[in-house]
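Q: structure of the sequence below:
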Amino acid sequence: MRAAITAALGVPPGATIVTMTDFAGAAITQSVDFMVSKLLKDVDHAAFAGWLAVTLANPIEVWDRIDNGSVKRHYFSAYGFRQGKVVYHVAAVATPSGVWITSFHKWSAAGIDSKRDGTLIHRC
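A: Take a look at the predicted model:
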């Protein structure tokens, strides 16, 4: 599973840090070990790991919101999926340091709408 996740993230063999770039050119980083362990906690999170870099680089919306007592930047996107379904994807990144915390998907907009609060940073 580790190899599949690192491949989906585009991590070169032997790398210890993952670095991605968001829509504004900011670096988003995290250790490979942390990302893999976090994504492996939920097979659905791991299955959508390949969408992370695209979500950061080309989000529909970006919000700075209070999450568990601190400001975190949430990048929202949506993707077409099987049989016409839409999957909503969120990548949450601590700000201002740009450290990746988690990413997840929801099968309905309702699950995402509850996270659309705080300060709107970007809308495509």
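Q: neighbouring contacts of stretch 106-124?
A: 23-24, 58-66, 71, 73-74, 76, 85-88, 90 (Cβ atoms under 8 Å, 6 or more residues apart in numbering). No exception for glycine: its C-beta is placed from N, CA and C like everyone else's.
Q: among those, name the buried ones.
A: With burial judged by 16 or more other Cβ atoms under 10 Å, the buried subset of these is 59, 61-65, 73-74, 76, 87-88, 90.
Q: confidence score at residue 57?
A: We have a pLDDT of 94 for residue 57.
Q: hmm, it is touching residue 25, no?
A: No: contact between residue 57 and residue 25 fails when scored by Cβ atoms under 8 Å: they sit 9.6 Å apart.
Q: the more surrounded of the two?
A: Between residue 57 and residue 25, counting by other Cβ atoms under 10 Å, residue 57 is the more crowded of the two (16 against 7).
Q: roughly how far apart are the more buried one and residue 10?
A: Distance from residue 57 to residue 10, counting by Cβ to Cβ, to the nearest Å: 12 Å.
Q: same question for residue 76.
A: From residue 76 to residue 10 the distance is 21 Å (Cβ to Cβ).
Q: who touches stretch 22-39?
A: 2, 5-6, 9, 11, 15-21, 45-46, 49, 56-59, 62, 75, 91, 93, 98-100, 102-103, 122.
Q: give me that answer again for 7 Å
A: By Cβ atoms under 7 Å, 6 or more residues apart in numbering, the residues outside stretch 22-39 that reach it are 2, 5-6, 9, 11, 15-21, 45-46, 49, 56-59, 62, 75, 93, 98-100, 102, 122.
Q: tell me the phi and psi of the residue nearest to residue 56 when sequence neighbours are not counted?
A: Residue nearest to residue 56 in three dimensions, not counting chain neighbours: residue 22, with 4.5 Å by Cβ to Cβ, 6 or more residues apart in numbering. Main-chain torsions, residue 22, degrees, to the nearest 10: phi -90, psi -180.
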